[in-house]
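# Just the structure for this:
(one chain, ligands or ions: 1)
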Amino acid sequence: MTKKEYADILLPGVEHTKEEYEEMYKDRNLPEGAIVTRFAPSPTGFVHIGGLLSSFIARKFAKQTNGVMLLRIEDTDQKRLVENGVSKIIEDLKSFDITFDEGATGEEDYSGNYGPYVQSQRKDIYQAFAKYLIERDLAYPCFMSEEELEEIRKGQEEIKARIGVYGKYAKYRDITMEEALEKINNGEKYIIRFKSPGNFDNKVVVEDAIRGKLEFPENDIDIVIIKGDGLQTYHFAHLVDDHLMKVTHVIRGDEWVSSLPTHVQLFDTFGYNRPTYAHISPLMKKDGETVRKISKRKDPESAVSFYHEQGIPTDAVMIYLMTIANSNFEEWQENNKDKSYLDFEISFDKISSSGALFDMDKLINISKNYISTMKAEDLYNKTLEYASEFDKEFYELLAKYKDYSISVLNIEREVERPRKDIESYSTVRREIDYMYDELFNPTYEKKDFYSKELLEYYIDNVYDESDDKQTWFNKIKEMCPKFGFASETKEYKANPENYKGSVAHACEVIRVAVTGRVQTPDLYEILKLLGKSRIKERIEKF
Ligand code: GLU
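Model prediction:
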């Protein structure tokens, strides 16, 4: 029996050969230096903030080198799949402007010349590559049962040996074709293992684009390449897919660093160029005294859906991620105030090789700044969109009073130092609710100098909607002495015992009466928007 016939028996019904597949996927015709990279999530429907960071970085490199960013779905672990898991990932990423040049476009569909991009649709391809190895005596069937493997593992733990199938533990590594066929005829189950050519005493060096030179012992573990269900393992799929999809840069989370000896060994065995690896450190979080990785289980901010629920602008999240991605970004931003973060050129050598601390306060600050630069109408639209999903009551009001709401949001906006009180679309309501009678329900804290007489006199005899700001203020000043307030702060400061307060205190009385708050943006604008009759109503209520 030839090796080829043997491979046909071990993996029957494979349509094409490795060579045929290589023929099918031609080299890409891209400019020199173009980076072809990918995001390769499992279709769990969940995008982790770390995944967002990696995909954002990958997207950026592909774009700035006129390369390609593709989406590959790694659904080898069929147990972890969720319904519409792929679409949810695509949607989530799209909401952060992360889009793909090719790859999966839905649960089953894809676009691009290097597909399919969903691994469960690529079974024949992986098997063709596995057969190639079997024919060259670089892979073999392994008949060990789960129990046997478990026993080996326990034994290794006991004597503190490395865990895995290697050396004397690789029981079927040298099985002959005849022995294997006999077992198969007896109905024994098997998987396919790679026959590692490595020696643990030798060193292998990998140059990581972020971490620099990494040195490991060679891999000598006979990893599984095809499982009992005929599907490939992650390691094997990485080789086959990234080779056939002509990926030049593997940008991924650093949990895969320890797999590098296996990965480069697979590439070397096939005689393929290794891709450039760039391993991104995880985002960390302070947890009491310790610092740990942001965790899907413990931290709500690990899910990108969190940022939508909180109404944090996606651009603010991306700007924050950019500060994490490249240490020189903030300086660049300082010097390029008129440019978008998208104009910044990212580089590998400025990506930190140690995990950045996730800093929510910093993100909120970025968000505040970002919102302060938005046009009132844009902020209105975003808030409306947010409220339509998360706050129906506010949504109704925003929709009903569109122009009014835009004017409210425009207070202290197009000025030299715009208001920075709005943290997110979810906190817009908190900042402007007093401008809506339907939401105006203040609990006033009363102070000695609050004067009913002043308020009544003001609304009946002083306030005039047609006054400009200066006239409006002068009139308040003029009114002050009548009620024991100093027209000028200076006068008050010189002799506080002679007054109830200054013009600033008089304004506070008006402010608190009409808004229920001690602090608000520009009072003149607020009064103008409320209009005389609503001011009067509020004064009466007060
Ligand atoms: N499916 C793997 C993951 O979700 C991909 C790792 C890689 O990018 O190679 O972590």
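# give me the residue from the stretch 101-250 of the chain nearest the ligand.
Closest residue of the stretch 101-250 of the chain to the ligand, C-beta to the nearest ligand atom: His238 (5.3 Å). (C-beta placed from N, C-alpha, C; glycine too.)
# Please determine how far the nearest residue to Cys480 once chain neighbours are set aside is located from Leu214.
Leaving out its chain neighbours, the residue that sits closest to Cys480 by C-beta to C-beta, 6 or more residues apart in numbering is Ser487, at 4.5 Å. Separation of Ser487 from Leu214 (C-beta to C-beta, to the nearest Å): 73 Å.
# Who has more neighbours out of these two?
Set Ser487 next to Leu214 and count neighbours by other C-beta atoms under 10 Å: Ser487 wins out with 18 against 15.
# Show me what counts as buried in stretch 240-259.
Residues of stretch 240-259 classed as buried by neighbour count (16 or more other C-beta atoms under 10 Å): 240-254, 256-257.
# Tell me the pLDDT of the residue nearest to Cys480.
Looking at Ser487, its pLDDT is 96.
# how about it, what does it touch?
Counting by C-beta atoms under 8 Å, 6 or more residues apart in numbering, Ser487 makes contact with Lys477, Glu478, Cys480, Pro481, Val503.
# From Asp522, how far off is it?
Counting by C-beta to C-beta, the separation of Ser487 from Asp522 is 20 Å.
# Next: Thr76.
Taken as C-beta to C-beta, the span from Thr76 to Asp522 is 59 Å.
# Comparing the two, which shows the higher neighbour count?
Higher neighbour count among Thr76 and Asp522: Thr76, with 19 against 13, using other C-beta under 10 Å.
# tell me the pLDDT at that one?
With respect to pLDDT, Thr76 has a value of 80.
# Does Ile9 touch Ile184 like I think?
Yes: with contact defined as C-beta atoms under 8 Å, Ile9 reaches Ile184; the gap is 6.9 Å.
# which bits of the stretch 151-300 of the chain sit near the ligand?
His238, Val250, Arg252, Gly253, Trp256 (C-beta under 6 Å from any ligand atom).
# Redo those residues as a markdown table? Include pLDDT.
Converted to a markdown table, these look like this (pLDDT from 0 to 100):
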| residue | pLDDT |
| --- | --- |
| His238 | 97 |
| Val250 | 98 |
| Arg252 | 96 |
| Gly253 | 94 |
| Trp256 | 97 |
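# all helices of the stretch 101-250 of the chain, in order?
Taking DSSP state H, counting those that start in this stretch to define them, one finds helices in the stretch 101-250 of the chain at 123-135, 146-158, 177-185, 234-244.
# other SSEs contacting the second one?
Packing contacts for helix 146-158, counted by 3 or more C-beta pairs under 8 Å, 6 or more residues apart in numbering; DSSP states H and E, involve no helix or strand.
# Residues contacting that helix, please?
Contacts for helix 146-158 (C-beta under 8 Å, 6+ apart): Met144, Ala161, Arg162, Ile163, Gly164, Val165, Tyr169, Lys171.
# Go through those residues and name the one nearest Leu133.
Nearest to Leu133, judged by C-beta to C-beta, of the contacts of helix 146-158 is Val165 at 15.8 Å.
# ok, that closest one touching Asp222?
Yes: with contacts counted by C-beta under 8 Å, Val165 reaches Asp222, the gap being 4.9 Å.
# Now do the shared contacts for those two.
Common neighbours of Val165 and Asp222 (criterion: C-beta under 8 Å, 6+ apart): Cys142, Arg193.
# More neighbours: those two, which one.
Each of Val165 and Asp222 has its neighbours counted (other C-beta under 10 Å); Asp222 has more, 24 against 21.
# if I look at that one, how far off is Leu133?
Asp222 sits 11 Å away from Leu133, taking C-beta to C-beta as the criterion.
# Please apply the same query to Asn461.
For Asn461, the distance to Leu133 (C-beta to C-beta) stands at 95 Å.
# Look at stretch 104-122 and report the distance between its end residues.
Taking C-alpha to C-alpha, to the nearest Å, the first and last residues of stretch 104-122 lie 13 Å apart.
# likewise stretch 345-352?
Terminal residues of stretch 345-352 lie 16 Å apart, using C-alpha to C-alpha.
# What of stretch 353-368?
Rule used - C-alpha to C-alpha; the end-to-end distance of stretch 353-368 is 29 Å.
# try stretch 216-232
With C-alpha to C-alpha as the measure, the ends of stretch 216-232 fall 25 Å from one another.
# Just the buried residues of that stretch, please?
Buried residues in stretch 216-232, counted by 16+ other C-beta under 10 Å: 216, 218-226, 230-232.
# Quick one: neighbours of the residue in the stretch 51-200 of the chain positioned nearest to the ligand, just the number.
Nearest residue of the stretch 51-200 of the chain to the ligand, counting by C-beta to the nearest ligand atom: Glu74, 3.7 Å away. Glu74: 18 surrounding residues under other C-beta under 10 Å.
# how far away is it from Asp208?
Applying C-beta to C-beta, the value for Glu74 to Asp208 is 21 Å.
# Am I right that the residue of the stretch 101-250 of the chain closest to the ligand is in contact with His263?
Yes: between His238 and His263 there is a contact at 6.0 Å, judged by C-beta under 8 Å.
# and Ala316, what does it touch?
Neighbouring residues of Ala316 by C-beta under 8 Å, 6+ apart: Leu363, Ile366, Ser367, Tyr370, Ile371.
# what do you get for Ile134?
Lys3, Tyr6, Ala7, Leu10, Leu11, Tyr140, Ile192.
# shared neighbours of Asp222 and Leu133, which are they?
Residues touching both Asp222 and Leu133 (C-beta under 8 Å, 6+ apart): Phe194, Lys195.
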